[in-house]
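[1] Can you look at this prediction? I've put the sequence above it.
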Amino acid sequence: MRIGDLAKKTGVNPKTLRYWEEIGLLPRPPRNISGYRDYGEEYVDLCRFILKAKSLGFKLDEIREILEIRFSGEEPCGCVVDKIREKIDQIDRLIEDLKRRRDLLESLLSRRRSGTAPVCPIIESDVELENEPAGLFVPDGEEVPGPGKTE
């Protein structure tokens, strides 16, 4: 089947399929006489596996590692169990961080006062932030400007 057919069967954009092939998630398919990629039915299963793993929070590097184990002829389930445990630990830490953030925000609301502040007295109140993890208030991927830096 051609890439468009695989895309229709799996719901994966053809550009994404090419990217997955480029980074080694999908093995390079043979080409037909016209030079088009010729995907077998096994690619449908691979794409569905990748989509399911992504929906469970696995990163592409992790999925590649699992597939490499499988392609080598071994069962990747031991690796998968370890990765699932890591993800559960990450989720537990995130839940705790979110609970602390929620409690802090509730505290800001309960202490709401009028007053003078350069921007907003609610945010600039005296609620202690010193014991909070540094990354708690920074969305993923954003950099905290340091002294002399602006956004």
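    Yep, that arrived. It should be emphasised that the depicted structure is a prediction, and the values quoted were computed from it without experimental measurement. Numbering: from 1, shown residues only.
[2] and this protein, what are its domains?
    Here the domain parsing of the chain from automatic domain parsing is 3-74, 79-136.
[3] Ranking those by mean neighbour count, which comes first?
    domain 3-74 (a mean of 15; mean count of other C-beta atoms under 10 Å). (C-beta placed from N, C-alpha, C; glycine too.)
[4] and the end-to-end length of that domain?
    Taking C-alpha to C-alpha, to the nearest Å, domain 3-74 runs 28 Å from one end to the other.
[5] how about CSV for the domains of the chain, with mean pLDDT added?
    CSV is the format used below for the domains of the chain (pLDDT from 0 to 100):
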stretch, mean pLDDT
domain 3-74, 95
domain 79-136, 81
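[6] distance between stretch 67-76 and the chain's centre?
    The chain centroid and the centroid of stretch 67-76 are separated by 23 Å, computed with C-alpha atoms, centre = their mean, to the nearest Å.
[7] neighbouring contacts of that stretch?
    Stretch 67-76 is touched from outside by 24-25, 27, 46, 49, 66, 79, with contacts defined as C-beta atoms under 8 Å, 6 or more residues apart in numbering.
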